[in-house]
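Participant: build the 3D model from these lines:
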Amino acid sequence: MRERCSVGVVCALLVLVAAVLTGCQALSSASGEDAGPTVTPAAASTRPSGYGAVFLGVDECSSFGTTSFTEVPCTSERAAARVVARHDGTVADGPLCPATTDFVLHISAQSPSSDEDGDGSVPQGYACMRNLEPPHPGDPGGGGGPRTIVGDCVYGSGSGQVRETRCDGGGAKKPQYKVVRAVARRASCPASTALYVHLDGEEPVGCARRV
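Facilitator: Numbers count the residues shown, from 1 in each chain. Sure, this is the predicted structure:
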């Protein structure tokens, strides 16, 4: 895992039952100070196991394991999460996951000679996953997920950093700021804005107020 945050950087906690990925979203104070760089989440790879024509295609399900993730029928007792989007390549270069994705599963490339059946290669890619059962850390205010979205809350974690936490106060830390709006430019944020949070997507500015 890798974490690098300058003063005024929002770190969105990416929650995964078997692995935890940590990423950051850049923010700055409403006074106009510039934020540091946005940090791409550290990749956590998994070797395909039990896959068919497409390993973890859209609407397929995975189990949770200690060292790998196995594709299983969604009706199986072992099923824990469903694929809501699937892309080749890396998260940094590929399309965004849906806003309420709970976690991102990074899939390492496999050659025909090393796959289980020898029936085809598996390219490097990533699957955007949604837990079949609550909790859903990717929901607004859920305290995690690969993206910071409207409705998420953060707290000061020291050294000029803030990290995401549950808005209902049920997390380890109490929320101090809440992202209330996503806009194209800072000037469109309401007067109550205390922090500007960098968001991914068409409206890249998150307006956060104190809670």
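Participant: pull the helix or strand with minimum mean pLDDT from this structure.
Facilitator: Ranking every helix and strand in the chain by mean pLDDT, DSSP states H and E puts strand 13-14 at the bottom, with a mean of 32.
Participant: give me the below-cutoff pLDDT ranges for this structure.
Facilitator: Applying pLDDT under 70 to the chain flags residues 1-53, 65-67, 111-121, 160.
Participant: give me the number of residues near residue 109?
Facilitator: Burial measure for residue 109: 13 neighbouring residues, criterion other C-beta atoms under 10 Å. Glycine gets a C-beta too; all of them are placed from N, C-alpha and C.
Participant: how about residue 126?
Facilitator: Other residues within reach of residue 126 by the criterion other C-beta under 10 Å amount to 24.
Participant: ditto for residue 136
Facilitator: Neighbouring residues of residue 136 were enumerated by other C-beta under 10 Å; the total is 18.
Participant: quick one: it and residue 98 touch, right?
Facilitator: No. Checked against C-beta atoms under 8 Å, the pair residue 136 and residue 98 is beyond contact range at 11.9 Å.
Participant: please name the nearest non-neighbouring residue to residue 149.
Facilitator: Counting by C-beta to C-beta, 6 or more residues apart in numbering, residue 99 is the residue found nearest to residue 149 once chain neighbours are left out, at 4.8 Å.
Participant: the residue lying closest to residue 81 once chain neighbours are set aside pairs with what?
Facilitator: When the adjacent residues along the chain are set aside, residue 81 lies closest to residue 129, with 4.3 Å between them (C-beta to C-beta, 6+ apart). Residue 129 has these beta-bridge partners by DSSP bridges: residue 83, residue 103.
Participant: which residues does the residue nearest to residue 171 when sequence neighbours are not counted contact?
Facilitator: Spatial nearest neighbour of residue 171, chain neighbours left out: residue 165 (4.1 Å); criterion: C-beta to C-beta, 6+ apart. With contacts defined as C-beta atoms under 8 Å, 6 or more residues apart in numbering, the neighbours of residue 165 are 13, 143, 153, 154, 155, 171, 172, 173, 174, 175.
Participant: ok, and the most crowded of these?
Facilitator: Using other C-beta under 10 Å as the neighbour test, these are led by residue 154, with 29 neighbours.
Participant: the residue nearest to residue 195 when sequence neighbours are not counted pairs with what?
Facilitator: With sequence-adjacent residues excluded and distances taken as C-beta to C-beta, 6+ apart, residue 195 is closest to residue 208, at 4.1 Å. Each beta-bridge partner of residue 208 is listed here, defined by DSSP bridges: residue 179, residue 195.
Participant: doesn't residue 154 make contact with residue 208?
Facilitator: Yes. Counting by C-beta under 8 Å, residue 208 does reach residue 154; the two are 7.2 Å apart.
Participant: which neighbours do these two have in common?
Facilitator: Joint contacts of residue 208 and residue 154 (C-beta under 8 Å, 6+ apart) are 177, 178, 179, 197.
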